[in-house]
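*Asks:* Here's a sequence, model it:
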Amino acid sequence: MRDVVVAVLLTLGVATALLSCAGVLLMHDALDRLHFTAPASTLTPALFAAAVLVEEPLSSAGVKAVLVALVITITTPVLTHATARAARVRAHGRWKVESEELERVEDPR
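*Replies:* Sure thing, here's the model as predicted:
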């Protein structure tokens with residue numbers, strides 16, 4: 001029974017990573033691509049860590065898997081924000097939104 005649970009968790013983790021990669025490949029803009037990186041960087045490590053915990057409960061491998069999943073989950077928002085800011089600077093030359101840009105978004109005439 002344990003092997004089935006591990007196989008299901010690993011299959012879900014790999015499927016999540018592959019679907020996220022497909023989303024990144026299909027999107028045209030860097031900011032759109034960032035939306036598809038979230039499941040791959042939060043859900044996938046959690047599923048892999050859960051699979052390790054099911055296979056090796058309370059072992060050093062299980063503790064390390066949980067710690068790695070936590071570090072990845074905690075640092076992902078920071079890296080995503082930095083990447084989005086860099087994409088904005090590359091596209092507009094600055095990261096702050098000017099009032100003219102806000103007016104164009106509100107009134108797209």
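
*Asks:* How much space separates Ala49 from Ser41?
*Replies:* 13 Å (CB to CB, to the nearest Å). All C-beta atoms are positioned from the backbone trio N, CA, C, and that covers glycine.

*Asks:* between the two, who's got more neighbours?
*Replies:* Set side by side, Ala49 and Ser41 show more neighbours around Ala49, with 23 against 17, by other CB atoms under 10 Å.

*Asks:* Quick check on the more buried one: phi, psi?
*Replies:* Per-residue torsions, Ala49: phi -60, psi -40 (degrees, to the nearest 10).

*Asks:* Same question for Gly93.
*Replies:* Per-residue torsions, Gly93: phi 80, psi 0 (degrees, to the nearest 10).

*Asks:* From the structure, what's the count of residues near it?
*Replies:* 7.

*Asks:* what does the model give it for pLDDT?
*Replies:* On the pLDDT scale, Gly93 is placed at 80.

*Asks:* What helices and strands are in contact with the helix or strand containing Val52?
*Replies:* Using DSSP states H and E, Val52 maps to helix 30-55. If contacts are counted by 3 or more CB pairs under 8 Å, 6 or more residues apart in numbering; DSSP states H and E, helix 30-55 sits against helix 2-26, helix 60-92.

*Asks:* separation between the residue positioned nearest the centre of the chain and Ala91?
*Replies:* The C-alpha lying nearest the average C-alpha coordinate of the chain belongs to Ala38 (CA atoms, centre = their mean; 2.3 Å). Going from Ala38 to Ala91 by CB to CB gives 21 Å.
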